[in-house]
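Give me a 3D structure for the following:
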Amino acid sequence: MTQKFNKPAALKKGDMVGIISPSNTVFSEGLKSGLKSLKRMGFRIKFNDTILYPRVYTIDEDKRRADDINSMFRDKDIKAILHAKGGYGLIRVLQYLDTKMIAQNPKVVVGYSDATVFLVYLLFKCNMVAFHGPMVLGEISEYMSHIRRNSFMTAITSTKPLGTYKHHRVTVLNHGRATGTLVGGCITSIAHILGTPYEPDTRNKILYLEDVSEYYSHVDEMLFHLKLAGKFDSVKGIVFGEMLNCGTRKGLIERIKETLKEFDIPIIFGFPSGHSPTNLTIPFGVKVTLDTRVPGIIFRETALHEAHA
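This is a model prediction of the structure:
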């Protein structure tokens, strides 16, 4: 049976947006540009001062970071939750989250990199659509590109399917066409949660994988880790991000093709979401078609429902 994911309400002008940073320390100076830009987009802002505390990676701090997240979902005034930045350590927070309460309060959640761990948690523990896209520090700013800003705003405010997303640098690794629910994120983060209660279910899915600045050998090992864990066995198709600074583009493409050569499924490389200068905002948990004739992703299902007045 196909899993159905609950959809948050679309954002509208005047809505309150909460900021969290479970993966890293945030400095108030660094937040200013992002908060200013979000206000210009028409949103009100809220965050707990605890996101400004130095990150020390203790159990007490893990619980405090979880409390930050739980409080954002309990707060009825907050309609969306944005990650301030990536880093590491979000896996430490998951066991302290109030899963039942979070599942009952679906909200727009945006992030990538280490935030992948939380996006996967929302998808498979809370049955909630989640968004892979830019974070507040350095990306949602006055210098935000027109393409990135439009993609972000459309993804979090539109109640229509997003349609066709393609890019001139997308390369086809294996031809084909397949339809399934889009899931995924940063390869490193996904590899870290394999074998835990929080790992993703990739069966009959279109799997999105991306990363940045990993040694060529590390990427190869992580792909083999996913392969040996059976995460490619029943996928409908695979979309790779740009994989910047992970070896040469040509060499990485050849390694991926060799590792996945027994899977007769559509595979593309170079889709610009996540660690990418473009960083398109894309919803996970919705039906898409991966079509190598485009080549790109066709979003066929709405990610959001109309907000109640």
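
what stretches of the stretch 1-150 of the chain score poorly on pLDDT?
Counting by pLDDT under 70, the stretch 1-150 of the chain shows low-confidence ranges at 1-2.

what ranges do the strands span in it?
16-20, 44-47, 78-83, 108-111, 130-132 (DSSP state E, counting those that start in this stretch).

got CSV for the ones you listed, with distance to Thr196 and mean neighbour count too?
Where you see a C-beta, it was placed from the backbone N, CA and C, and this is true even at glycine. As requested, these are exported to CSV (distance: least, CB to CB, whole Å; neighbours: other CB atoms under 10 Å):
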stretch, distance to Thr196, mean neighbour count
strand 16-20, 21, 23
strand 44-47, 28, 17
strand 78-83, 20, 24
strand 108-111, 19, 27
strand 130-132, 18, 28
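
is it true that Lys125 touches Thr99?
Yes - counting by CB atoms under 8 Å, Thr99 is a contact partner of Lys125 at 5.3 Å.

Let me know the pLDDT of Ser189.
Listed pLDDT for Ser189 reads 97.

got it, and Val294?
96.

Nearest the geometric middle of the chain, what residue?
Nearest to the geometric centre of the chain sits His132, at 2.6 Å (CA atoms, centre = their mean).

Please verify my assumption that it contacts Tyr112.
Yes - at 5.2 Å, His132 and Tyr112 qualify as touching, with contact defined as CB under 8 Å.

Name the residues contacting each of those two.
Between them, His132 and Tyr112 share these contacting residues under CB atoms under 8 Å, 6 or more residues apart in numbering: 119, 185, 273-274.

how about the nearest residue to Met222, chain neighbours excluded?
Ala191 (4.6 Å; CB to CB, 6 or more residues apart in numbering).

and the one you found, what does it touch?
By CB under 8 Å, 6+ apart, the contact list for Ala191 reads 222, 225-226.

Now name the helix or strand holding it.
helix 187-193 (DSSP states H and E).

Compute the distance between the residue nearest to Met222 and Thr202, please.
Applying CB to CB, to the nearest Å, the value for Ala191 to Thr202 is 13 Å.

Over to Ala84?
With CB to CB as the criterion, Ala84 and Thr202 are 28 Å apart.

so who does Met135 touch?
82-86, 110-113, 115.

Need the max-distance pair from these.
Leu82 and Ser113 (13.3 Å; CB to CB).

coming back round to it: dump the strands of the stretch 1-150 of the chain into TSV; add distance to Ser145 as well.
Shown next, in TSV, are these (distance: least, CB to CB, whole Å):
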stretch	distance to Ser145
strand 16-20	20
strand 44-47	22
strand 78-83	18
strand 108-111	16
strand 130-132	17
